[in-house]
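1. Prediction below, plus the sequence it came from.
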Amino acid sequence: MQHDEEIISAAIQGDRIALQQLLKSEKEKLYRMAYTYVKNEDDALEIFQQTVLQAIESVHQVKEPHYFSTWLVRICINKALAFLKNNKKLVYMDEVEDRNLEDSATADVAERLDVSSALDSLPEKFKTALMLRYYQDFTVKQIATVMECPEGTVKTTLHRGLAMLKKDLKGVYADERQRDFN
Amino acid sequence: MQMNDKEILIKNAMQDIKVPEDHLESIIDDAFYETSKPKKNKRKKWLIPTIAAAVLFIGLFTATLSASPVLANYMAQVPVIGNVFSIFAEEEEGLIQYERFSDDVKLTQSSNGVTISIDKAVYDGTNVTFTYTVTSTRELDDSAHLTGFPQLLEGEGPAGSMDWKLAEGSLIGINTIPHLDEEAAQVNVIWEPGSLYTDAGEIEGDWKFEFAVDQLKTDPIMLDEINSEGGVSVHFTEVTFTDVAVNVAYQQLVDPALLEVWEAVEVELMAADDLGNVYLVPYNGGTTYGGARTREDFSWTATMRGLDPLATSLTFYPFGHVSRMVEGKEPESIRIEFDALEINMLEGTYRIIEDPEFPVYEEEEREEKRK
């Protein structure tokens, strides 16, 4: 998400119209991010609303315009995770990893998964990293900022995430290839 | 990293999520509307509008809306960190009076390691104001605040403002609920906070407060004065001088023809006394009323604090903004200034001052100089 640095600066300095404009241009991405965590429109809307309110409240804390995008996405992710936690919908990472291992042990199980549910079945940090990289088009450095971890960890997470996805996507994947070749 | 099928698939899967565009737009617009009040300082403040955005809040705060049986409140030992009014008074003028004239409530409830204590409350015929203290076994930071809006049994849904800050590791706050009714000797507050929110996590709990607040003796001066300017009229209906504050009720009446060109009208007040002190008179909230001709016809109440005790007359200066949003640009707005209304506090009389010179509030003056 690339924005005019001037608009971002204005927003940080308290120009509400500028911030409103920025949020409107990011609304789809933020909503889709939120949706990926909660999987239903009502909850995604609530997270979206919380994100917007938090952004209005704390935009003055953004130190440099180029941090704006990562800052905004981070709010959204934090709100989504807090929401899941509060609603006790958060599936713990180990649990999912175990389940994934079981799943991959069962042949063909991946075939009935589509991409989105494959993405869903990934542990939260892998899902977040993949979404940031391939949906938000963030750089590894930006992802490291959002996820508050070293860049090396981001690379590993992306790599592992893709590998896990590959397992889940075996079926879909084959179809896609075929389509390409036909 | 090369983009291959898998990555494109992620992108596509995300793009497939249907986006309720209009809904998102209105959430953003509402959020800006709700937070549109200027902040005086770094403290966090929510203004709960009684008008258009009320619908949004109903969705968010359903838990607080229904009156249910009173739960037993019980007393407990809680750390006393001093009077909440006086702590806030260090930053905001005119709150000291509240400390003097408010009644002790002293209701305390604990749940999940969080203790909430209602300290003091006062009702001056226009606003119910009460203070509270929250202590937690978990360390609290700046992000801490209670969720769930208080409301009056006598009121129509949530309205008012919430103001809070961290003091000595506790969360302290002032809640204000507007309710104009000089006849009511007493009003009943219901508050079910729901949770203590912090960025580190939300602590839910079962707190529910219900308490009555007696009205201070009030002696309203009934007004019936209409000042018109550029298609907008201000109708002053009453002013009340109480021990804690000055409350004024007025209506804004808008010529329907004006709204064919403009979208929003907002009439506000400033005040100055005969000693040269200038006061802000922020409004508590507005409601549409029966007989309103346009969607922008509102009844407002506004409250002014810290009136100089030596003042003998007070003049209200109404001014308004007529505005409209322009696609992709800053909203356009025009300022209108009305004739002023001078109240003689000794005699309880009033008169209109035509084409007055508008007083300048110090803070504005300072900002002007900075520019």
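-> Perfect, thanks for sending it.
2. any low-confidence regions in chain B?
-> Scanning chain B for pLDDT under 70 picks out the ranges B:1-6, B:36-82, B:90-93, B:156-159, B:288-291, B:326-330, B:363-371.
3. Longest strand in it, by number of residues?
-> For chain B, the strand with the greatest residue count under DSSP state E is strand B:313-324.
4. got the buried residues for it?
-> Of the residues in strand B:313-324, those buried by neighbour count under the rule 16 or more other C-beta atoms under 10 Å in any protein chain shown are B:Ser313, B:Leu314, B:Thr315, B:Phe316, B:Tyr317, B:Pro318, B:Phe319, B:Gly320, B:His321, B:Val322, B:Ser323. (Each C-beta comes from the backbone N, C-alpha and C, glycine too.)
5. tell me which strands and helices it is in contact with?
-> If you count contacts as 3 or more C-beta pairs under 8 Å, 6 or more residues apart in numbering or on different chains; DSSP states H and E, strand B:313-324 packs onto strand B:232-241, strand B:245-254, strand B:264-273, strand B:332-337, strand B:340-344.
6. Extract the CA atoms of that strand and return them as PDB.
-> Output in PDB follows, covering the C-alpha atoms of strand B:313-324 (Å, rounded to 0.1, in the frame of the first residue of the first chain):
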ATOM      1  CA  SER B 313     -24.000  39.100  34.400                       C
ATOM      2  CA  LEU B 314     -23.200  36.500  31.800                       C
ATOM      3  CA  THR B 315     -23.500  36.900  28.100                       C
ATOM      4  CA  PHE B 316     -23.900  34.000  25.700                       C
ATOM      5  CA  TYR B 317     -22.600  34.400  22.200                       C
ATOM      6  CA  PRO B 318     -24.100  31.900  19.800                       C
ATOM      7  CA  PHE B 319     -22.300  31.100  16.600                       C
ATOM      8  CA  GLY B 320     -22.800  28.400  14.000                       C
ATOM      9  CA  HIS B 321     -21.300  26.500  11.200                       C
ATOM     10  CA  VAL B 322     -23.100  25.500   8.100                       C
ATOM     11  CA  SER B 323     -21.200  22.900   6.200                       C
ATOM     12  CA  ARG B 324     -21.100  20.400   3.400                       C
END
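7. partner strands of that strand, parallel or antiparallel?
-> Taking DSSP bridges as the criterion, strand B:313-324 forms sheet pairs with strand B:264-273 (antiparallel), strand B:332-337 (antiparallel), strand B:340-344 (antiparallel).
8. And A:Ala82, its phi and psi?
-> Main-chain torsions, A:Ala82, degrees, to the nearest 10: phi -60, psi -40.
9. OK, contacts around it?
-> Counting by C-beta atoms under 8 Å, 6 or more residues apart in numbering or on different chains, A:Ala82 makes contact with B:Gly201, B:Glu202.
10. How about B:Asn112?
-> Residues counted as contacts of B:Asn112 (C-beta under 8 Å, 6+ apart) are B:Ile203, B:Glu204, B:Gly205.
11. right, and the second one touches A:Asn87 too?
-> No - under the contact definition of C-beta atoms under 8 Å, B:Glu204 does not touch A:Asn87, with a separation of 10.6 Å.
12. And those two? Which one has more around it.
-> Taking B:Glu204 and A:Asn87 together and counting by other C-beta atoms under 10 Å in any protein chain shown, B:Glu204 has the greater number of neighbours (15 against 10).
13. any idea how far B:Glu362 is from B:Asp273?
-> Counting by C-beta to C-beta, to the nearest Å, the gap from B:Asp273 to B:Glu362 is 14 Å.
14. higher neighbour count, those two?
-> Here B:Asp273 and B:Glu362 are set side by side on neighbour count (other C-beta under 10 Å), and the busier one is B:Asp273, at 20 against 11.
15. To which secondary structure element type does the nearest residue to that one once chain neighbours are set aside belong?
-> Leaving aside its chain neighbours, B:Asp273 sits nearest to B:Ala311 (3.6 Å; criterion: C-beta to C-beta, 6 or more residues apart in numbering or on different chains). Look at B:Ala311: counting by DSSP: H, G, I helix; E, B strand; the rest coil, its state is coil.
16. what separates the helix or strand that contains A:Phe126 from the chain centre, distance-wise?
-> Element membership for A:Phe126 (DSSP states H and E) is helix A:124-134. With C-alpha atoms, centre = their mean, to the nearest Å as the basis, helix A:124-134 stands 5 Å off its chain's centre.
17. And that helix, what's buried?
-> Buried-residue list, helix A:124-134, by 16+ other C-beta under 10 Å: A:Glu124, A:Lys125, A:Phe126, A:Lys127, A:Thr128, A:Ala129, A:Leu130, A:Met131, A:Leu132, A:Arg133, A:Tyr134.
18. could you dump those residues to a markdown table with pLDDT and distance to chain B?
-> Listed next are those as a markdown table, based on pLDDT from 0 to 100; distance: C-beta to the nearest C-beta, whole Å:
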| residue | pLDDT | distance to chain B |
| --- | --- | --- |
| A:Glu124 | 82 | 15 |
| A:Lys125 | 85 | 15 |
| A:Phe126 | 86 | 11 |
| A:Lys127 | 86 | 10 |
| A:Thr128 | 88 | 12 |
| A:Ala129 | 89 | 11 |
| A:Leu130 | 88 | 6 |
| A:Met131 | 87 | 7 |
| A:Leu132 | 89 | 11 |
| A:Arg133 | 87 | 7 |
| A:Tyr134 | 84 | 4 |
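19. Greatest separation within these: which pair is it?
-> Using C-beta to C-beta, the pair of the buried residues of helix A:124-134 lying farthest apart is A:Glu124 and A:Tyr134, separated by 16.2 Å.
20. ok so, going back, any idea how far the residue nearest to B:Asp273 lies from chain A?
-> Distance, B:Ala311 to chain A, using C-beta to the nearest C-beta, to the nearest Å: 34 Å.
21. So in that sheet, which strands flank the host helix or strand of B:Met162, and in what orientation?
-> If you go by DSSP H and E, B:Met162 is part of strand B:160-167. If you go by DSSP bridges, strand B:160-167 pairs up with strand B:44-48 (antiparallel), strand B:170-178 (antiparallel).
22. For my notes, confirm B:Val128 occurs in a strand.
-> Yes - counting by three-state DSSP, B:Val128 is part of a strand.
23. Could you report the separation of it from A:Thr139?
-> B:Val128 is 53 Å from A:Thr139, by C-beta to C-beta.
24. Can you tell me the closest non-neighbouring residue to the residue in the stretch 101-250 of chain B that chain A sits nearest to?
-> Ranked by C-beta to the nearest C-beta, the top residue of the stretch 101-250 of chain B for proximity to chain A is B:Glu202, at 5.3 Å. Once flanking residues are discounted, B:Glu202 sits nearest to B:Ser195: 4.8 Å by C-beta to C-beta, 6+ apart.
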